[in-house]
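sequence unknown, structure follows:
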DNA sequence: CGAAATTTGTTGGATAAACGACGAAGGAGT
DNA sequence: ACTCCTTCGTCGTTTATCCAACAAATTTCG
């Protein structure tokens, strides 16, 4: 059950505990204040963790935020075992759905998503989308370098998901999905000669 | 806001945290197993606390249980500020109500209350009832030693509350209250000469 | 019953967290 | 500009927790 992208040794329970408390406190605070006005003091105070201990784990609140985002997004991916499988249209559809719902959830849960919030989330989520595609595409040989294809796909998917989320009248996700799936797929089909043989 | 019966210094957050986790794990387990079959290992494992650390706080699971009971009962008392006031019929009524509801709650939350469970709870709760009466009665001078009166009252109240809780057809608490209040009051009215002057 | 497995307390050494203090950086108001 | 106040990072020391191991007690089960 270990992730294919992260090595998780048996970690000291104390570390798990403090990180969990810091994340929890941070989440709570994001419901109340906007990202900017939350101080490290606020977080540690709420968490019942000493301020000095915070800096033993994260360099600042941005690092905590990124850690949290990465972790939550990874959890969604792993819940559907997308990290343990290969490229297919079904898996791509599942991935897009995760991204859309993740963005919707996150921006719904926070006081003012538009500040520093979304750019930070964007960077982390895109990176993970890219990593996932890298794992998928590296199983094949292709005329286009995997990193290029993965980068393109991650930007496209995140951009589309954000567009969907911010739209004045947000259309049903299933409708949106059928709309964009051909687009995303088209870019990846250039690698398909090899893929066909892998999927049978 | 400090309790009149316990000195609570600024306590190391780590201590608070581990005790809280141990208590929580213990509560959870009481929903699943009966008291006897819960091991210290179960508790620490569930709490994410090292087993050795458990023994730094409690000598065994009985000590943890007693600590928990005392703390919860005290919380109920303090919530109604019964610890900060004197004897009166209203306060007595409130106290009896706390005891009855506390016993009902506790025995309702646990898998098999009748084992080691209730005797342990009884000892702790009676002791606290007695302490409370001691605080109430020590404000007065009386022909009967306060400790004697407090002991009698604590046994009587707990016994009546347990009777009420275990009855096949549990009568409404308000009914029961009016039934027993004269009884309990009678024992304390022997001290009333002095009390009258205190309450005006 | 007796063997195997589990739980129990306890220990010593390693590590994470708490604490208090410090100077520096940033903001608010005069 | 200035002071006042808060937050920020960082440091050294103390304390709580972790961990592995141990013998003793207890439970389980054949």
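Noted; the coordinates are in hand. Since we're looking at a predicted model, the values are computed, not measured.

How about the residues of chain A by DNA strand D?
A:10, A:12-14, A:17, A:39-42, A:51-52, A:55, A:59-61 (C-beta under 7 Å from any atom of the strand). Every residue, glycine included, has its C-beta placed from N, CA and C.

6 Å - rerun?
Within reach of DNA strand D by C-beta under 6 Å from any atom of the strand, chain A has these residues: A:12-14, A:39-41, A:52, A:55, A:60.

any idea where the helices of chain A begin and end?
Listed in chain order, the helices of chain A (DSSP state H) span residues A:13-32, A:40-47, A:51-57, A:61-79, A:89-109, A:117-137, A:146-166, A:173-188, A:192-199.

Does DNA strand C have contacts with stretch A:64-78?
No. With C-beta under 6 Å from any atom of the strand as the criterion, DNA strand C is not reached by stretch A:64-78; the gap is at least 13.4 Å.

Could I get the buried residue list for that stretch?
Judged by neighbour count (16 or more other C-beta atoms under 10 Å in any protein chain shown), stretch A:64-78 contains these buried residues: A:64-70, A:72-74, A:76-77.

And for that stretch, what's in contact with it?
Contacting residues not belonging to stretch A:64-78 are listed as A:3, A:5-6, A:19, A:22-23, A:26-27, A:35, A:43, A:54, A:57-58, A:83, A:95, A:98, A:101-102, A:106, A:120-121, A:123-125, A:128, A:132 [C-beta atoms under 8 Å, 6 or more residues apart in numbering or on different chains].

measure residue A:139 to residue A:80 for me?
Here residue A:139 is placed at a distance of 18 Å from residue A:80 (C-beta to C-beta, to the nearest Å).

which residues touch residue A:33?
When contacts are counted by C-beta under 8 Å, 6+ apart, residue A:33 touches A:42, A:111.

State the phi and psi torsions of it.
phi -110, psi 170 (degrees, to the nearest 10).

Not counting its neighbours along the chain, what's nearest residue A:170?
Leaving aside its sequence neighbours, residue A:170 sits nearest to residue A:164 (C-beta to C-beta, 6 or more residues apart in numbering or on different chains; 6.5 Å).

cool, residue A:89 as well?
Residue nearest to residue A:89 in three dimensions, not counting chain neighbours: residue A:185, with 6.5 Å by C-beta to C-beta, 6+ apart.

unless I'm mixing things up, the one you found is touching residue A:92, no?
Yes. Contact criterion C-beta atoms under 8 Å: residue A:185 and residue A:92 qualify, at 6.7 Å.

Compare these two and say which is more crowded by neighbours.
residue A:92 (20 against 14; other C-beta atoms under 10 Å in any protein chain shown).

which intervals of chain A have sub-threshold pLDDT?
Within chain A, the ranges that satisfy pLDDT under 70 run A:1-9, A:113-115, A:190-200.

Show me which residues of it sit near DNA strand C.
Counting by C-beta under 6 Å from any atom of the strand, chain A comes close to DNA strand C at A:12, A:14-15, A:18, A:49-50, A:52-53, A:56.

Point out the residues in chain A that sit beside chain B.
With C-beta under 8 Å from any C-beta of the partner chain as the criterion, chain A meets chain B at residues A:13, A:16-17, A:48-50.

What subset of these is buried?
A:17, A:49.

List just the nearest of the residues of chain A next to chain B to residue B:145.
Of all these, residue A:48 has the smallest distance to residue B:145: 44.2 Å, by C-beta to C-beta.

thought that closest one was touching residue B:11?
No. Here residue A:48 lies out of contact with residue B:11, judged by C-beta under 8 Å, at a distance of 11.4 Å.

what's the closest non-adjacent residue to the most centrally placed residue in chain A?
Nearest to the mean C-alpha position of chain A, by C-alpha atoms, centre = their mean, lies residue A:125 at 3.3 Å. Among residues not flanking residue A:125 along the chain, residue A:73 sits closest, at 5.6 Å (C-beta to C-beta, 6+ apart).

measure that neighbour to chain B for me?
24 Å (C-beta to the nearest C-beta, to the nearest Å).

now residue A:94
Residue A:94 is 32 Å from chain B, by C-beta to the nearest C-beta.

contacting residues around that residue?
By C-beta under 8 Å, 6+ apart, the residues touching residue A:94 are A:80, A:82.

List the residues that contact the nearest residue to residue A:116 once chain neighbours are set aside.
Among residues not flanking residue A:116 along the chain, residue A:35 sits closest, at 5.2 Å (C-beta to C-beta, 6+ apart). Contacts for residue A:35 (C-beta under 8 Å, 6+ apart) come out as A:65, A:110-112, A:115-117.

my guess is residue A:21 contacts residue A:50, does it?
No. If you go by C-beta under 8 Å, residue A:21 and residue A:50 don't touch, sitting 11.1 Å apart.
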